[in-house]
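Colleague: just the structure for this:
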Amino acid sequence: MEPIYMDHAATTPVHKEVIDVMYPIYDEVFGNPSSVHSFGRKARQHLDVARRVMAKSIHANEKEIIFTSGGTEADNMAIIGAALSNKNKGNHIITTMQEHHAALHTVEYLENQGFDVTYLPVDETGKIAVSDLKNSLTEETILVSIMFVNNETGVIQPIHEIGELLRNHQAYFHTDAVQAYGLLDINVNELMVDMLSVSSHKINGPKGIGFLYVAEGIKLSPLQFGGEQERKRRAGTENVVSAAGFQKAVELAMDNRVKRTKLYQSYRKLFMKKLKEKNVQFEINGDYNSTIASIINISFPGTNVETLLTNFDLAGIAASSGSACTAGSVEPSHVLSAMFGEDNECTTNSIRFSFGLYNTVENVEEAAERVAKIVKRLNS
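Modeller: Model prediction:
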């Protein structure tokens, strides 16, 4: 039985062209980018080109890109860095109840340090109400952090409207765009975001690298200390090999964004069509018409997550109950709890299927067949 990977929202396979770019650099480019000699300059050149590619992908300036170890560090840097550097203006932070734990736990840390935090609710569609944000803003608000696309449901948040609302407010606007990047057209100027987090391994790049966009003029305290790399904002010798791989992944994602979106939409429709043909009872969590193409979160009434995932795995299907960062936990999804209430059965019977490079029409159909068989057996 051939295994079928349907968990691309957790991580993606590294594209072969990305690997092909990285191998020669491992072998030939070993200089420290901070060194002034030819070996260092060669490494610096690769880093500079990668930074320009990242910046162009979101319509930013290369000076506004900080390389990080991934989305988690980017979120931490944005949230903690902005809070600490601007606490003289106030101590109020606004976020949502359904953020990725990389942001949610970071905000909780700041709350324990004395910051006042407002956690905005989401409705059953998986979206926040911009009016709730407007009503929560005060003269003490210094940061608003709201994810672009939810990692469990795929629901897109009203980022442009939020940016418009905050245009004349002192609060900085940060968005975790880890799930949005590569599938949605992102223009930081039009969206009016001040900071934006991205991770390489979500777009078929190497793990352990990402970037944080920080608009020029934004005050941000560093989280680590040492050298003067990344314009004194992140000390430590840069990861040149991964930056080059990340660059290639970005180029592939940008070149194929529209094509990939249409392909993943077709996979998602096919998957649901096959489940319906097999008379499987299911519900889609979140507003289907406001989700990215690669993610669908499905509730299977009469089942539970642990049993489903165990049986799926035995049948060769890799899926998820939500964030891979809490894999193994049988706790109800905090995202679905925020949407439907903690006692709603969908918080413990829902599975996230996410499509990507490892999928084909054939294995999506086969996956639906296997899922249907398992769900019907568990419900019989």
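Colleague: contacts, neighbours, all on C-alpha from now
Modeller: Will do.
Colleague: for Phe353, helix, strand, or coil?
Modeller: strand (DSSP: H, G, I helix; E, B strand; the rest coil).
Colleague: tell me, how many neighbours does it end up with?
Modeller: By other CA atoms under 10 Å, the residues close to Phe353 number 25.
Colleague: if you rank every helix and strand of this protein by mean pLDDT, what lands last?
Modeller: The least trusted helix or strand in the chain, going by mean pLDDT, DSSP states H and E, turns out to be helix 229-232, with a mean of 90.
Colleague: which of the residues in that one are buried?
Modeller: Gln229, Glu230 (16 or more other CA atoms under 10 Å).
Colleague: secondary structure class for the residue positioned nearest the centre of the chain?
Modeller: Centroid check for the chain by CA atoms, centre = their mean gives Val178 as the closest residue, at 2.5 Å. At Val178 the chain is in coil, as set by three-state DSSP.
Colleague: which residues touch it?
Modeller: Taking CA atoms under 8 Å, 6 or more residues apart in numbering, we find Val178 in contact with Gly71, Phe148, Val149, Ser197, Val198, Ser199, Lys202.
Colleague: now the last one: how far from Ile317?
Modeller: In this structure, Lys202 lies at 19 Å from Ile317, with CA to CA, to the nearest Å as the measure.
Colleague: now do the fifth one
Modeller: The span separating Val198 from Ile317 equals 27 Å under the rule CA to CA.
Colleague: higher neighbour count, the two?
Modeller: The residue with more neighbours, out of Val198 and Ile317, is Val198; 29 against 24, by other CA under 10 Å.
Colleague: shouldn't the more buried one be within a helix?
Modeller: No: with three-state DSSP as the criterion, Val198 is strand rather than part of a helix.
Colleague: and the next helix or strand past the least confident helix or strand of the chain?
Modeller: Later in the chain than helix 229-232, the nearest helix or strand by DSSP states H and E is helix 240-255.
Colleague: the helix or strand following that next one vs helix 240-255, what angle?
Modeller: Remark: after helix 240-255, the chain's next helix or strand is helix 257-277, criterion DSSP H and E. Orientation check (axes from the mean of the first three to the mean of the last three CA atoms, to 10 degrees): helix 257-277 against helix 240-255 gives 70 degrees.
Colleague: CA atoms of helix 257-277 as CSV?
Modeller: The C-alpha coordinates for helix 257-277 follow below in CSV (Å, rounded to 0.1, in the frame of the first residue of the first chain):
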residue,chain,number,x,y,z
ARG,A,257,1.4,30.4,-7.8
VAL,A,258,-1.7,30.7,-10.0
LYS,A,259,-1.1,27.2,-11.5
ARG,A,260,-0.6,25.6,-8.0
THR,A,261,-3.7,27.4,-6.6
LYS,A,262,-5.9,26.0,-9.4
LEU,A,263,-4.4,22.5,-9.0
TYR,A,264,-4.9,22.4,-5.2
GLN,A,265,-8.5,23.7,-5.7
SER,A,266,-9.2,20.8,-8.1
TYR,A,267,-7.7,18.3,-5.6
ARG,A,268,-9.9,19.6,-2.8
LYS,A,269,-13.1,19.4,-4.9
LEU,A,270,-12.2,15.9,-6.0
PHE,A,271,-11.5,14.8,-2.5
MET,A,272,-14.9,16.0,-1.3
LYS,A,273,-16.7,14.7,-4.4
LYS,A,274,-15.4,11.2,-3.7
LEU,A,275,-16.4,11.3,0.0
LYS,A,276,-19.9,12.3,-1.1
GLU,A,277,-20.1,9.5,-3.6
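Colleague: chain center to it: distance?
Modeller: For helix 257-277, the separation from the chain centroid amounts to 20 Å (computed by CA atoms, centre = their mean, to the nearest Å).
Colleague: show me the contact partners of the helix or strand following it.
Modeller: Toward the C-terminus, helix 257-277 is succeeded by strand 283-284 as the next helix or strand (DSSP H and E). Residues outside strand 283-284 that contact it (CA under 8 Å, 6+ apart) are Ile296, Asn297, Ile298, Ser299, Phe300.
Colleague: make it 6 Å
Modeller: Asn297, Ile298, Ser299 (CA atoms under 6 Å, 6 or more residues apart in numbering).
Colleague: quick one: which of the residues you listed is most hemmed in?
Modeller: Using other CA under 10 Å as the neighbour criterion, Asn297 leads these with 23 neighbours.
Colleague: show me the contacts for the closest residue to that one other than its chain neighbours.
Modeller: Spatial nearest neighbour of Asn297, excluding adjacent residues (CA to CA, 6 or more residues apart in numbering): Arg352 at 4.3 Å. Contacts were defined as CA under 6 Å, 6+ apart; by that measure Arg352 touches Ile296, Asn297, Ser320, Ser321, Gly322.
Colleague: residue contacts, Glu62?
Modeller: Arg51, Arg52, Ala55.
Colleague: apart from its chain neighbours, what residue comes closest to the second one?
Modeller: For Arg52, the nearest residue in space outside its immediate sequence neighbours is Glu62; the separation is 5.1 Å by CA to CA, 6+ apart.
Colleague: can you pull the pLDDT of Gly322?
Modeller: If you check Gly322, the pLDDT there is 60.
Colleague: er, Met1 I mean
Modeller: Met1 is assigned 84 on the pLDDT scale.
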